[in-house]
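Participant: Quick check, what structure comes out for this input:
(one chain, ligands or ions: 3)
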Amino acid sequence: MIKIAVPNKGGLFGPTLELLSECGYHIKKSEKALTCIDHKNNVEFYFIRASDIPMYLSAGIIDIGITGIDFCVERQSKAVKVLDLNFGHSKLCVAVPNESEITSQDEIQNLRIATSFVNTTQAFFAGKNNTTVELEGAVEISVKLGISDAIVDIVETGSSIKQAGLRIIGEPMSYSNAAIFTRPEYKENDEIKKLTSRVAGKIVASQFVMIEYDAPKAVSEKACQLTPGIKSPTITPLKDTSWVAVKSMIEQDKVNEVMDQLESLGCEGIYTTKILSARI
Ligand SMILES: Nc1ncnc2c1ncn2[C@@H]1O[C@H](COP(=O)(O)OP(=O)(O)OP(=O)(O)O)[C@@H](O)[C@H]1O
Ligand SMILES: O=P(O)(O)OC[C@H]1O[C@H](OP(=O)(O)OP(=O)(O)O)[C@H](O)[C@@H]1O
Ligand SMILES: [Mg+2]
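Facilitator: Ligands and ions are numbered 1, 2, ... in the order given. From the prediction side, this is the model:
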């Protein structure tokens, strides 16, 4: 039975469970549960802190894990990333109090920096004689409480930083998102290949929609250029031989623009449908 570690709480918990369920895995976390078995897929799920998952993978104890890239870097894990996921996007930033005179990261010297990312912070500020203050969370409040002069923390919307009276200095130190990782020796295993191709299918599906429309034969070539599909669009003859029906996959972010252009070409009955899963 393969062992898959998933975050037991925090921002990655919900999206991870939803993704695995949509990919046909039977995963359910009852309160306080630490494991759950999916007999049909021959998988045992372990509910672990997202920041500890890299260590279990590195040690070869867990076969597959879903966690943040930032945690893998921080834990200097030997885990191998096999697929980026479309959630858990964040950036690691340096911030100082609004009233501070510091304007660049180079000026962060001889200071106390509070963070949950101690290794990453020390490596970034190597040789600058800063002291790191390790905190589990709510790092933003540490400046006001007098134990730090600056922080290094995850920023998403920036509202936590703002509320704490801090401002970001310079560019983010690094960017992160959730990803599927394996233990080093497991990369070529059939189970990881099955999981990644199912998940990749879901991610692709969310990036495309199916578009269908009727096109006057005279403009069908032009219409097909707007909707070329993956290989090529499906064209079906209609009873009215001066028209054809066209069906094609298009990128979600182009839908409205393409629909406008099809309409101005004279196409009719244009509609889109969601794709639930895809292998392309
Ligand atoms: N506000 C956020 N928005 C998006 N991604 C985030 C946010 N906070 C953290 N992350 C990312 O999600 C991953 C898990 O972080 P999270 O803070 O949810 O876990 P945790 O610290 O274990 O849980 P908790 O904060 O509930 O104790 C990290 O890779 C991080 O980069
Ligand atoms: O830029 P924002 O949208 O405000 O998000 C960033 C905040 O989200 C995370 O905190 P979380 O809720 O995980 O709490 P924690 O600090 O206890 O980890 C992170 O550590 C920041 O504090
Ligand atoms: Mg957190």
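Participant: which residue ranges form the helices in the protein?
Facilitator: Taking DSSP state H as the criterion, the chain contains helices spanning 13-22, 53-58, 69-74, 118-124, 159-163, 190-207, 220-226, 255-265.
Participant: who touches the last one?
Facilitator: The contact list for helix 255-265 (CB atoms under 8 Å, 6 or more residues apart in numbering) reads 209, 211, 213, 215, 219, 222-223, 226-227, 250, 270, 272. Every C-beta, even on glycine, is put in place using the N, C-alpha and C of the backbone.
Participant: Closest residue of the stretch 151-280 of the chain to ligand 1?
Facilitator: Nearest to ligand 1, among the residues of the stretch 151-280 of the chain, is residue 156, at 3.4 Å (CB to the nearest ligand atom).
Participant: beta partners for the closest residue to residue 158 other than its chain neighbours?
Facilitator: Closest residue to residue 158 apart from its sequence neighbours, by CB to CB, 6 or more residues apart in numbering: residue 168 at 7.3 Å. On the basis of DSSP bridges, residue 168 is bridged to residue 95.
Participant: Could you do the one 10 residues further on as well?
Facilitator: Counting by DSSP bridges, residue 178 is bridged to residue 68.
Participant: dump the residue contacts of it.
Facilitator: So residue 178 contacts 12, 15-16, 66-69, 84-85, 87-88 (CB under 8 Å, 6+ apart).
Participant: any idea how far residue 219 is from it?
Facilitator: 44 Å (CB to CB, to the nearest Å).
Participant: Then residue 167?
Facilitator: 55 Å.
Participant: Residue 254 now?
Facilitator: In this view, residue 254 and residue 219 are 19 Å apart by CB to CB.
Participant: Repeat that for residue 95.
Facilitator: 55 Å.
Participant: Also residue 15?
Facilitator: Look at residue 15 and residue 219: by CB to CB, they are 42 Å apart.
Participant: Under the pLDDT cut-off, which ranges of the stretch 151-280 of the chain? List them.
Facilitator: Filtered on pLDDT under 70, the stretch 151-280 of the chain yields no residues whatsoever.
Participant: Residue numbers of it in contact with ligand 2?
Facilitator: 153-160 (CB under 6 Å from any ligand atom).
Participant: Mark which of those are buried, thanks.
Facilitator: Buried members of those, scored by 16 or more other CB atoms under 10 Å, are 153-155, 160.
Participant: returning to that earlier point: ok now do the residue lying closest to the residue of the stretch 151-280 of the chain closest to ligand 1 once chain neighbours are set aside, which residues does it touch?
Facilitator: Excluding the flanking residues, the one nearest residue 156 by CB to CB, 6+ apart is residue 90, at 5.3 Å. By CB under 8 Å, 6+ apart, the contact set of residue 90 is 68, 70, 154-156, 175-177.
Participant: before we move on, what about residue 75?
Facilitator: 51, 54-55, 58, 119.
Participant: Could you pull up the residues touching residue 244?
Facilitator: Contacts of residue 244 (CB under 8 Å, 6+ apart): 214-215, 217, 220, 235-238.
Participant: All good on my end, thank you.
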